[in-house]
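Asker: Show me how the following folds:
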Amino acid sequence: MAHVSLDRLTKVYPNGFLAVDALSLDIEDGEFLVLVGPSGCGKSTALRMVAGLESITSGTLTIGAETVNDVQPRDRNIAMVFQNYALYPHLTVARNIAFPLSLAGLPKSEIDAKVTEAARILELEPLLENRPAQLSGGQRQRVAMGRAIVRDPAVFLMDEPLSNLDAKLRVQMRAEIARLHRRLEATTLYVTHDQVEAMTMGDRVAVMRDGTLQQTDEPSTLYDSPDNLFVAGFIGSPAMNVRRARLESDDGTWSVHLGHNRLTLADAVLATRPALAGYDGAEIVVGIRPEAMEDASLADSGMPRIVADAELTEALGSDLLVHFHLDAPTVDTGDPDTLDDLDDDTLMIARVDPRSPVRPGDRVELAVDTERLHFFDAETNLAIRT
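Answerer: Below is the predicted model:
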């Protein structure tokens, strides 16, 4: 395996469109790094530059100890798994897996051994004589992965490999890919627009927007400490609730005003985010994760509350999602997938205990854990911390 380094990698198309802007990333030997972002953010273009399928306008790409900007794809010692499987319909599973080895002219005995081992790892042994048309979507994707495995590459590149699968099969294949990575300890760059995929699979996750890198970190850090409003809104399902608010202090007691609701902040909030003191009386953006709220009848009585009318409830078994209106202005996080639906009637979402009796039309009191609130500068959209 190998370390991969992207040093200010940039892609500008002939029409002047800047697809990737000075992207710098280091993927450690054996690491599973996920590149995530909305459609059109440049993540697949970045992956294709690593693969050699797109030329590099500027910057340096290193695989192992070699700079490979001008190295042909076949000489980069990488293997790519595509969204559409790219299987040959007239070849059996065995011959599809063996194809790159046959192309390289390896002896038949070596090819057979590698195919047998890959089939064993991916549990494809009963299907080796089948053709792609006889396989399910998940089986076809495993064949595509088998074709990558037999090459024993330095780096695996995966471009939206689960997009064509149904929801249940995607969950299953996520687990299979994670298991395969632990077994092979392969350096992997994985591209997806699905933040749930990114959060559940990556050792680290790199978030992109409009061709630029927003933040790279472990999934839990992205979730708990987003650097800016875009990352905060993009990571998490349901998404973080974000609203304009006003921060005020009164004799050492700090509170945030969200529309007609006033939330007194716990002392730990200012202690862990001292920079908030510079925003006394100012408009800021407040982010509230759905799970930072609870039906007040089931929560700590000392927590401040939001009072609202429930517009919709969704019973998920393990949770109850309560959708409610809040009279505080909505905020554009920059995610193009949500822009069309963004207005001041956009509902907030609380994830509460499924025992909650709240139903649509009920007046509800929601206790808010203010230590789990997120705060952002209203002008720069950057997180307010230290």
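Asker: Residues contacting the top helix by length along the chain, please?
Answerer: Criterion DSSP state H: the longest helix present in the chain is helix 167-184. Helix 167-184 is contacted by residues 32, 121-122, 136-138, 141-142, 145, 149, 158, 161-162, 165, 188, 190, 194, 197, 200-201 when judged by CB atoms under 8 Å, 6 or more residues apart in numbering. No exception for glycine: its C-beta is placed from N, CA and C like everyone else's.
Asker: make it 6 Å
Answerer: 32, 138, 162, 200-201 (CB atoms under 6 Å, 6 or more residues apart in numbering).
Asker: which one of the residues you listed is nearest T264?
Answerer: Nearest to T264 out of the contacts of helix 167-184 is T200 (CB to CB; 35.6 Å).
Asker: My assumption is that the closest one lies in a helix; please confirm.
Answerer: Yes: the assignment for T200 is a helix, going by DSSP: H, G, I helix; E, B strand; the rest coil.
Asker: Need the three-state assignment for S255.
Answerer: strand.
Asker: Number of residues surrounding it?
Answerer: By other CB atoms under 10 Å, 17 other residues sit near S255.
Asker: How many residues are close by D70?
Answerer: Around D70 there are 9 other residues, counting by other CB under 10 Å.
Asker: does it count as helix, strand or coil?
Answerer: coil.
Asker: what separates it from G233, distance-wise?
Answerer: Distance of D70 to G233, computed by CB to CB, to the nearest Å: 39 Å.
Asker: sorry, back to before: how far out from the middle of the chain is the very next helix or strand once past the longest helix of the chain?
Answerer: Next along the chain after helix 167-184, taking DSSP states H and E as the criterion, comes strand 187-192. Here the centre of strand 187-192 is set off from its chain's centre by 11 Å, with CA atoms, centre = their mean, to the nearest Å.
Asker: just stretch 137-152 next, same as before
Answerer: That offset, for stretch 137-152, works out to 23 Å (CA atoms, centre = their mean).
Asker: Check which residues of it are buried.
Answerer: 138-151 (16 or more other CB atoms under 10 Å).
Asker: Sitting in helices, which of the residues you listed do you find?
Answerer: Using DSSP H, the members of those that fall in helices are 138-149.
Asker: and the closest residue to N261 other than its chain neighbours, what element?
Answerer: Using CB to CB, 6 or more residues apart in numbering and skipping residues adjacent in sequence, the residue nearest N261 is I306, 4.9 Å away. When secondary structure is defined by DSSP H and E, I306 falls within strand 305-315.
Asker: before we move on, the earlier item: would a markdown table of the ones in helices among the buried residues of stretch 137-152 with distance to G302 and pLDDT be doable?
Answerer: As requested, those are exported to a markdown table (distance: CB to CB, whole Å; pLDDT from 0 to 100):
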| residue | distance to G302 | pLDDT |
| --- | --- | --- |
| G138 | 49 | 87 |
| Q139 | 54 | 90 |
| R140 | 55 | 90 |
| Q141 | 50 | 88 |
| R142 | 52 | 89 |
| V143 | 57 | 92 |
| A144 | 55 | 91 |
| M145 | 52 | 89 |
| G146 | 57 | 92 |
| R147 | 59 | 91 |
| A148 | 55 | 90 |
| I149 | 55 | 89 |
